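# Have a look; sequence and predicted model below, questions after that.
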Amino acid sequence: MSENFTRIPSRAAEIGGGVPVARTLPSRLRRTIGAWCFLDHAGPAHFAPGQGLRVGPHPHTGLQTFTWMLEGEVLHRDSLGNEQLIRPGQVNLMTAGRGIAHTEESLAGQTRLHTAQLWIALPASVADMAPRFDHYPDLPRWTEGGAQAVLLAGGFMGRQAPVVVHSPLIGVDWYAPQDVALNLPLDPTFEYGVVPLTGPATAQGQALAADELLYLPPGAGTLRLDLPAGTRALLIGGAPFGEDITIWWNFVGHGKPYIAQAQRDWQASSTRFGAVHGYDGPRLEAPPLPWAA
Ligand code: MN
């Protein structure tokens with residue numbers, strides 16, 4: 001068991017429509033876990049009809065947005081013409097590559113939202129790939145030591161998720177219908193993060209509050225995970241990313257000039273990002289660059 005870890009508190013942020021989120025990545029303490037470079041957790045929240053998520057047209061580059069839905073339904077639209085409702089238990093994966101724009105909104109009758117949205121940084125070799133969108137309604141599910149596991153990405157304990165990623169990484173959702181004590185095999189070449197989405201939970205003997213992330217550097221061969229009845233935790237991991245990336249606003253890129261160009265292209269309504277049709281509302285404007293371009 002590794003005694004070598006970092007506890008990363010979440011910070012409060014807001015996404016479209018004023019929906020509060022707990023953000024654990026990136027953090028001053030940790031920028032990436034494998035290629036996972038962003039982790040927002042929204043809910044579980046209840047709201048009046050019409051008061052849900054509403055994120056207007058905005059761009060992305062150099063990353064995959066990975067949406068894991070737990071409660072509620074959210075409609076995705078993008079500039080490739082995709083329109084996809086995501087329901088609980090499903091994953092939406094949008095590969096931005098060189099550029100895409102999208103919207104996300106709770107539909108009219110919705111009153112609940114519980115979701116995790118993560119970003120996966122694309123390695124330089126594929127960072128400028130053509131954008132695409134994939135919806136995964138069915139993921140590998142199994143029971144492990146009394147816990148319900150869903151494999152969100154990568155390979156774990158002999159299973160393989162269909163989700164197309166571009167570097168070695170994993171994601172697993174764990175839900176405990178009863179108290180469980182798990183001993184899970186880890187790949188010692190990977191680094192990992194464990195975060196209770198509804199807590200508390202204990203990982204490697206460390207008591208974690210909801211939305212408190214425990215980072216495990218490479219070298220650990222086993223994860224001891226104790227989940228009290230009714231709790232849920234996310235396990236993410238991957239080979240250390242090893243590339244220097246810049247994350248700013250909705251862009252990931254290799255170097256500030258790339259990000260500055262993306263900002264200019266979005267503000268100029270460049271065809272690089274295309275247009276999202278069917279969303280009733282204004283596009284999101286990029287803030288000014290925080291450095292001299
Ligand atoms: Mn987005």
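That came through, no problem.
# Identify the residue spatially nearest to Leu53, adjacent ones excluded.
Ser106 (4.6 Å; CB to CB, 6 or more residues apart in numbering). Heads up, the C-betas are built off the backbone N, CA and C, glycines and all.
# what is the mean pLDDT for stretch 190-198?
The predicted model gives stretch 190-198 an average pLDDT of 98.
# what residue ranges in the stretch 51-200 of the chain are flagged as low confidence?
Under the criterion pLDDT under 70, no range of the stretch 51-200 of the chain is flagged.
# quick one, helices of the stretch 151-293 of the chain?
Here the stretch 151-293 of the chain has its helices, by DSSP state H, counting those that start in this stretch, at 256-267.
# could you show me where the strands are in it, in order?
Using DSSP state E, counting those that start in this stretch, the strands of the stretch 151-293 of the chain run over residues 155-156, 159-160, 169-175, 180-185, 191-198, 201-203, 206-208, 213-216, 222-227, 232-238, 246-248, 251-253.
# Tell me which of those lies nearest to Ile86.
Within those, the stretch nearest Ile86 is strand 169-175; the backing value is 14.6 Å (CB to CB).
# Between strand 180-185 and the closest one, find me the angle.
Going by axes from the mean of the first three to the mean of the last three CA atoms, to 10 degrees, strand 169-175 is angled at 170 degrees with respect to strand 180-185.
# bridging residues for the closest residue in space to Gly237 that isn't next to it in sequence?
Leaving aside its chain neighbours, Gly237 sits nearest to Tyr192 (3.8 Å; criterion: CB to CB, 6+ apart). On the basis of DSSP bridges, Tyr192 takes part in beta bridges with Leu216, Gly237.
# Pull the residues that contact stretch 8-24.
25, 27, 29-30, 38-42, 45, 51-56, 104-106, 113, 193, 195, 210-215, 284 (CB atoms under 8 Å, 6 or more residues apart in numbering).
# Got a quick ChimeraX command for the buried subset of those residues?
To isolate the buried members of the contacts of stretch 8-24 in ChimeraX, using 16 or more other CB atoms under 10 Å:
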select :25,27,30,38,39,40,41,42,45,52,53,54,55,56,104,105,106,113,193,195,210,211,212,213,214,215,284
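# Now the terminal residues of stretch 233-242, how far apart.
The first and final residues of stretch 233-242 sit 26 Å from each other (CA to CA, to the nearest Å).
# State the mean pLDDT of that stretch.
The model assigns stretch 233-242 a mean pLDDT of 98.
# roughly how far is it from the heart of the chain?
In this view, stretch 233-242 has its centroid 11 Å away from the chain centroid, taken as CA atoms, centre = their mean, to the nearest Å.
# Over to stretch 193-210?
Stretch 193-210 sits 18 Å away from the centroid of its parent chain (CA atoms, centre = their mean).
# from what I can see Val163 touches Gly155, true?
No - with contacts counted by CB atoms under 8 Å, Val163 stays clear of Gly155, the gap being 10.8 Å.
# what sits against the closest residue to Leu151 other than its chain neighbours?
With CB to CB, 6+ apart as the criterion, Leu151 has its nearest non-adjacent residue at 4.2 Å, and that residue is Pro140. Each residue near Pro140 by CB under 8 Å, 6+ apart is listed here: Val150, Leu151, Arg159, Gln160, Ala161.
# Turn these into a markdown table, including neighbour count.
Listed next are the contacts of Pro140 as a markdown table, based on neighbours: other CB atoms under 10 Å:
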| residue | neighbour count |
| --- | --- |
| Val150 | 17 |
| Leu151 | 21 |
| Arg159 | 14 |
| Gln160 | 11 |
| Ala161 | 20 |
